[in-house]
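In: here is my input; please provide its structure:
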Amino acid sequence: MATQYSGNNMQLQYDPETQQWSYVNVAQNFIDTNSFTSTDPQFQYGSDSQQDSDEDDDPISNPCPPGYELVTLPDGGQTCRRIEPIQDSGGREDRPEPPKPDPSQQSFRKNKEAMESFFE
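Out: Numbers count the residues shown, from 1 in each chain. Sure, this is the predicted structure:
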């Protein structure tokens, strides 16, 4: 349990009878943050010569066959899910389809040309 000590804290208070604000010292118990320190056991670090192994290559942590990944379901169970292959775009950049002409704009252009020819 954390040890505590008593102290004061400044608090802003409003008095509705006098309609004024004032500061008051309010007694409060504080937690002594030094009570949280403990002697932890010496942490053992791994050696620099060890190389991290890829989790996907470890059959214990990933029992799925190649082309599948291990997923955790909402109920806590685990299952293998097929990894969708990335489709090749055939060497071309993926470009959006150009906008299709708006029929109302085409009729506007025709009417505009007719109006311009009328004033020539």
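
In: could you list the domains of this structure?
Out: 4-36, 54-84 (automatic domain parsing).

In: which one of the ones you listed has the lowest average pLDDT?
Out: When mean pLDDT is averaged over each of the domains of the chain, domain 54-84 scores lowest at a mean of 77.

In: list the buried residues in that one.
Out: residue 64 (16 or more other C-beta atoms under 10 Å). (C-beta placed from N, C-alpha, C; glycine too.)

In: quick one: it to chain centroid distance?
Out: 23 Å (C-alpha atoms, centre = their mean, to the nearest Å).

In: residue 26 bridge partners, please.
Out: residue 9 (DSSP bridges).

In: so it sits right up against residue 12, yeah?
Out: No. Contact criterion C-beta atoms under 8 Å: residue 26 and residue 12 do not qualify, at 10.4 Å.

In: got the domains of the chain as CSV, with distance to residue 117 columns?
Out: Output for those, formatted as CSV (distance: least, C-beta to C-beta, whole Å):
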stretch, distance to residue 117
domain 4-36, 79
domain 54-84, 57
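
In: so which of residue 26 and residue 12 has more stuff around it?
Out: residue 26 (11 against 8; other C-beta atoms under 10 Å).

In: and stretch 68-85, end to end?
Out: Start to finish, the residues bounding stretch 68-85 are 11 Å apart (C-alpha to C-alpha, to the nearest Å).

In: which elements pack onto the helix or strand in which residue 13 is found?
Out: In this structure, residue 13 sits in strand 4-15 according to DSSP states H and E. Of the remaining helices and strands, those touching strand 4-15 by 3 or more C-beta pairs under 8 Å, 6 or more residues apart in numbering; DSSP states H and E are strand 20-31.

In: pull the residues that contact the strand it packs on.
Out: Outside of strand 20-31, the residues within contact range by C-beta atoms under 8 Å, 6 or more residues apart in numbering are 2-15.

In: if you set the cut-off to 7 Å instead, what comes out?
Out: Strand 20-31 is touched from outside by 2, 4-15, with contacts defined as C-beta atoms under 7 Å, 6 or more residues apart in numbering.
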